[in-house]
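Novice: Using only what follows, build the 3D model:
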Amino acid sequence: MKDFKNKVAAITGAGSGIGRALAINLAQQGCHLALSDVSAKGLEETAQMLQGYGVKVTTDILDVSDREAVYAWADKTAKEHGKVNMIFNNAGVALSGTVGALSLEDYQWIMDINFNGVLYGTKAFLPHLEAAGEGHIINTSSIFGLASQPLMSGYNASKFAVRGLTESLRQDLEISRSPVSCSCVHPGGIKTNIAKSARMDASCAQVTGTSEEEATKEFEKLFITTPDKAAKTILNGVHKNSRRILIGPDARMFDLLVRMLPATYQWIFTKAVQLQSKKAAQRAKNA
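Specialist: Residues are numbered from 1 along each chain as shown. Below you'll find the model as predicted:
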């Protein structure tokens, strides 16, 4: 897909962050938009930012973990816009805690949103993209879909699952000679609100020696790439029909680390968390 003008793109999680930035960048290129988000306020703010670009914009409040709602949104989008060329399965949440401490309900919650939401969006929109004769599916994984992290088993599992689904999907589409392609996106630390909205179990504080507030602040220090830069990188990847799209220097570093040290990288990350815990304990002692 070399040109976005007069195409139609559907975006989940469009009420903030990368989703909002994608909507703005696509509108600037003449692409019509079907936007969804669980937040009515955020969605309305995004829609207001798109006024004046001369493109059609529709909005829907959507919980991507609701299968029937996602399928209904896909059908509605195709009907209202006449076609759909792209689906950006972008919505996601974060979860922190040890495997022992997290409940099965915690794992179900994050998998329902991060993986099932992507699966539903992919399945619901694929027939519409093929009917349009030209399409692209863009699924958001993470650098945590490249390398696992301590205390992030639920998030890791969901993002590795997105990666596996999307890489297999790409092969299926090529084998069937579909007019649709797909890309897997691996963002590094993006300056969004995901850390503030994350679920964090008390076990994180026990392991790291920091409070939830302190842990959130430390996590946010890793956010080094703007949503606008991320959106531009993603759209450039779609132009190039890239199989995977790495966003930010941290994503490229993680990718290289796993290639060079496929097992040892786990030890490195473990030692980093242990060092952080020792520093936190020392600060508490000196306070």
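Novice: Please, where are all the strands along the stretch 151-287 of the chain?
Specialist: Taking DSSP state E, counting those that start in this stretch as the criterion, the stretch 151-287 of the chain carries its strands at 180-187, 199-200, 244-247.
Novice: Direction included, what does the last one pair against?
Specialist: Put plainly, it is strand 244-247. Its sheet considered, strand 244-247 pairs with strand 180-187 (parallel) by DSSP bridges.
Novice: any idea of the mean pLDDT in the strand it pairs with?
Specialist: Averaged over strand 180-187, pLDDT sits at 98.
Novice: same question, stretch 224-244
Specialist: pLDDT averaged over stretch 224-244 gives 96.
Novice: Pull out the buried positions in it.
Specialist: Residues of stretch 224-244 classed as buried: 225-227, 229-231, 233-235, 237-238, 242, 244 (neighbour count, 16 or more other C-beta atoms under 10 Å). From N, CA and C alone the C-beta is placed, and that goes for glycine too.
Novice: about what we covered before: can you redo the strands of the stretch 151-287 of the chain as a markdown table with distance to F115?
Specialist: Below are the strands of the stretch 151-287 of the chain laid out as a markdown table (distance: least, C-beta to C-beta, whole Å):
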| stretch | distance to F115 |
| --- | --- |
| strand 180-187 | 13 |
| strand 199-200 | 16 |
| strand 244-247 | 17 |
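Novice: for those strands, which one ends up most surrounded?
Specialist: strand 180-187 (a mean of 25; mean count of other C-beta atoms under 10 Å).
Novice: just to revisit the earlier point, closest one to K7 out of the buried residues of stretch 224-244, please.
Specialist: V238 (10.3 Å; C-beta to C-beta).
Novice: Check the gap between the nearest residue to the closest one once chain neighbours are set aside and I61 for me.
Specialist: The shortest distance from V238 to any non-neighbouring residue, by C-beta to C-beta, 6 or more residues apart in numbering, is to H136 (5.4 Å). According to C-beta to C-beta, to the nearest Å, H136 stands 25 Å off from I61.
Novice: who has more neighbours, those two?
Specialist: Using other C-beta atoms under 10 Å, the more surrounded residue of H136 and I61 is H136, with 22 against 14.
Novice: ok, the nearest residue to D250 once chain neighbours are set aside to P262 distance?
Specialist: Ranked by C-beta to C-beta, 6+ apart and with sequence neighbours excluded, the top spatial neighbour of D250 is G188, at 3.5 Å. Using C-beta to C-beta, we find G188 at a distance of 19 Å from P262.
Novice: quick one, which of these two is more surrounded?
Specialist: Remark: of G188 and P262, G188 carries more neighbours, 23 against 10, as counted by other C-beta under 10 Å.
Novice: these two touch, right, that one and I245?
Specialist: No - taking contacts as C-beta atoms under 8 Å, G188 lies outside contact range of I245: 11.4 Å.
Novice: For the nearest residue to S203 once chain neighbours are set aside, which residues are in contact?
Specialist: Excluding the flanking residues, the one nearest S203 by C-beta to C-beta, 6+ apart is A101, at 3.6 Å. Residues near A101 by C-beta atoms under 8 Å, 6 or more residues apart in numbering: D201, A202, S203.
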